[in-house]
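S.K.: Next input, structure requested:
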Amino acid sequence: MPGIIEKIVMPLVSLKRFLMLFTRNARGMVGLIIIILFAVMALGAPLLTPYDPIGDKYITGAYSAPGWLSNVPAALGGMPGAALNMMVGENSKFENGVSGWNMTETPHVSMSYSPSVGDAESGSAKITFKRNETGKAYGDVSVQLYQRFTFPYASSPRKFVGNISLLTEGTSLPGLYKSWEWINQSLGLGRKINISRNVLDAPVLVYTYLQRASDGKVYKMWPYQGQLADGMDLVVDLANTVPAPALIFAVTDNWISSTAWVADSDVIKYVNVTSNIRAIFDEKLVPGDYFLGVNMTFRDTNRTKPVETSIYVDDFRVFLAGRIWGIMGSDHYGADLWSQLVYGARVSLYVGLLASVLSVVLGLIVGLASGYLGRYVDELLMRFSDMLLVIPTLPLLIVLMAVLGSNLENLILLIGLLGWMGFARVVRSQVLSLKERPFVEAAKAVGAGKIHIMTKHILPNVVSLVYVTLATSVPGAIVAEAALSFLGFYDPNKMSWGRMLYEVQANGAAQYWWWVVPPGLCIAILAVAFILLGFALDEVFNPRLRMRR
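M.R.: Numbers count the residues shown, from 1 in each chain. Alright, predicted model coming up:
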């Protein structure tokens, strides 16, 4: 019983003595606190950010600045009044009726709420043109469905994306229209497909727009030249050099649903379209009120019978992406940089710790075997170690990653297999001294085997080197991963700090300091933290390095 108690108490006493010495070391405590903070960041990533660092793109404007810059004066590099994200058309799915939306009062046209039509179970707005009498026609009858909103910022948004879904029904002439669509149009290998459609008695022209309330200027947003809708039920006048209305002249079997307009940076990126964000949200006229609307013109020309055309509108909204966002802003895709930084801590710690453990274990085994067994074993292992030492590590890693594939497991394996040589030589030198000590000779005298002597007598005397080397080798693994990711050899399924820096240089975004500085600073701080921890452990385990107090 006393022996068992002694085996339990002695390690606890040693641990207590170690902790007392370590907590007095300021450098070690600073390094440990920094490492703990990064570990909390890595483990708590899902709680610190709701966004996926790779999958969640286009959540704001590209190259958005950090949100807190809106509170910094412009003279100090701030962006007061910069636009935040804004969604116009919150009830775009018309789930609870058409409240918030207005329609111009036009004879023979009415608006109502349709609980469900087609596959839109949430409901939609129903705009109906109806003529009961015969012998005359009303020609073009236009109506606007719109919503007024306030743009409260002093600068234009970075980007906007609009959407609308349409469906038509009504009186028609059956089977008179043969539509066609191009297959593989992008390759120029099209073939025509004939599809029967019932032609509406009163076809409808549609376009969406934004209108400035201050001066009444209207900007047509969709459709635009060159756009083709699925199924070709929306016919666009491709000859026009300005946005032209979409003519829906046949009954639609399914919802016509697609992105209605996209404007990125400052100019809508389509041929011959000159409307741009800065013109619409003129910084001399904002903040201000605007109208988001859809114009529908019913073409009533058939005098021989009563006509009725209904067009259902759903999913009508516009997302205005801001110029500032979150804690750290956004990248070139509009993805959250804070999420990338937080999840990047996982990769750095994962690679750094596992690669270091692998290299230290290999170095320990080789060093013990080489130092104690000597002769041919020593010669073989040390010459192999020398051969690996003279090979440039980074070029070799690049070649091997290109051959094996860029994933974290391959990277950890390669860093571990190429990083054990220095530690092996240190362990060997210690073992060469220890194996001549009297306690080793005594173990040999009582018949102890080589494995027993190495594991029970020599290993405990070099284990302090293991702790120190483990801490000091982590920075090398972290920097190696960052260097390879910066050169483009990153795991496409993981976000790392090195990959963030690669995206910066790949997109020429070095001027956006909020994208450049944080990942580089995190790499440096985490590496220094492990170095401080290693120095502190060395001082604790080596009495000659302790400071006198």
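S.K.: Can you show me the helices along the chain?
M.R.: Remark: helices assigned in the chain by DSSP state H are 2-23, 26-43, 45-48, 277-280, 337-373, 375-389, 393-404, 408-417, 421-434, 438-445, 450-453, 459-486, 497-506, 513-541.
S.K.: What residue spans form the domains of this structure?
M.R.: 2-56+336-545, 86-321 (automatic domain parsing).
S.K.: Mind checking the ones you listed for the one nearest to Pro66?
M.R.: Nearest to Pro66 among the domains of the chain is domain 2-56+336-545 (5.2 Å), distances taken as C-beta to C-beta. From N, CA and C alone the C-beta is placed, and that goes for glycine too.
S.K.: Let me see the mean pLDDT of the closest one.
M.R.: Averaged across domain 2-56+336-545, pLDDT comes to 89.
S.K.: Could you check how far it is from the centre of its chain?
M.R.: 28 Å (C-alpha atoms, centre = their mean, to the nearest Å).
S.K.: okay, now Gln511: neighbour count?
M.R.: Neighbour count of Gln511, defined by other C-beta atoms under 10 Å: 9.
S.K.: any chance of the domains of the chain in a markdown table, with distance to Leu69 too?
M.R.: Below are the domains of the chain laid out as a markdown table (distance: least, C-beta to C-beta, whole Å):
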| stretch | distance to Leu69 |
| --- | --- |
| domain 2-56+336-545 | 8 |
| domain 86-321 | 12 |
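S.K.: of all those, which lies closest to Gly67?
M.R.: Smallest distance to Gly67 across those (C-beta to C-beta): 10.0 Å, for domain 2-56+336-545.
S.K.: quick revisit: can you redo the helices of the chain as a markdown table with mean neighbour count and distance to Gly288?
M.R.: Supplementary listing: the helices of the chain in a markdown table, determined by neighbours: other C-beta atoms under 10 Å; distance: least, C-beta to C-beta, whole Å:
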| stretch | mean neighbour count | distance to Gly288 |
| --- | --- | --- |
| helix 2-23 | 10 | 61 |
| helix 26-43 | 16 | 41 |
| helix 45-48 | 13 | 37 |
| helix 277-280 | 18 | 11 |
| helix 337-373 | 22 | 30 |
| helix 375-389 | 13 | 68 |
| helix 393-404 | 14 | 53 |
| helix 408-417 | 19 | 50 |
| helix 421-434 | 19 | 66 |
| helix 438-445 | 12 | 87 |
| helix 450-453 | 12 | 82 |
| helix 459-486 | 21 | 44 |
| helix 497-506 | 21 | 35 |
| helix 513-541 | 20 | 29 |
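S.K.: Reformat these as a markdown table; add distance to His108.
M.R.: Below are the helices of the chain laid out as a markdown table (distance: least, C-beta to C-beta, whole Å):
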| stretch | distance to His108 |
| --- | --- |
| helix 2-23 | 85 |
| helix 26-43 | 63 |
| helix 45-48 | 56 |
| helix 277-280 | 32 |
| helix 337-373 | 53 |
| helix 375-389 | 86 |
| helix 393-404 | 69 |
| helix 408-417 | 66 |
| helix 421-434 | 87 |
| helix 438-445 | 106 |
| helix 450-453 | 98 |
| helix 459-486 | 64 |
| helix 497-506 | 56 |
| helix 513-541 | 56 |
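S.K.: Hmm, Phe489 and Ala402 touching each other?
M.R.: Yes. Taking contacts as C-beta atoms under 8 Å, Ala402 lies within contact range of Phe489: 7.0 Å.
S.K.: how about the CA coordinates for stretch 371-385, as CSV?
M.R.: Taking Å, rounded to 0.1, in the frame of the first residue of the first chain, the C-alpha atoms of stretch 371-385 are listed here in CSV:
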residue,chain,number,x,y,z
GLY,A,371,22.9,6.9,-29.9
TYR,A,372,22.5,3.8,-27.9
LEU,A,373,22.9,1.0,-30.5
GLY,A,374,25.8,2.8,-32.3
ARG,A,375,28.0,1.2,-35.0
TYR,A,376,26.2,0.3,-38.2
VAL,A,377,22.8,1.5,-37.0
ASP,A,378,24.3,4.9,-36.0
GLU,A,379,26.1,5.3,-39.3
LEU,A,380,23.1,4.3,-41.4
LEU,A,381,20.6,6.6,-39.5
MET,A,382,22.9,9.6,-39.4
ARG,A,383,23.9,9.4,-43.0
PHE,A,384,20.2,9.2,-44.0
SER,A,385,19.5,12.2,-41.7
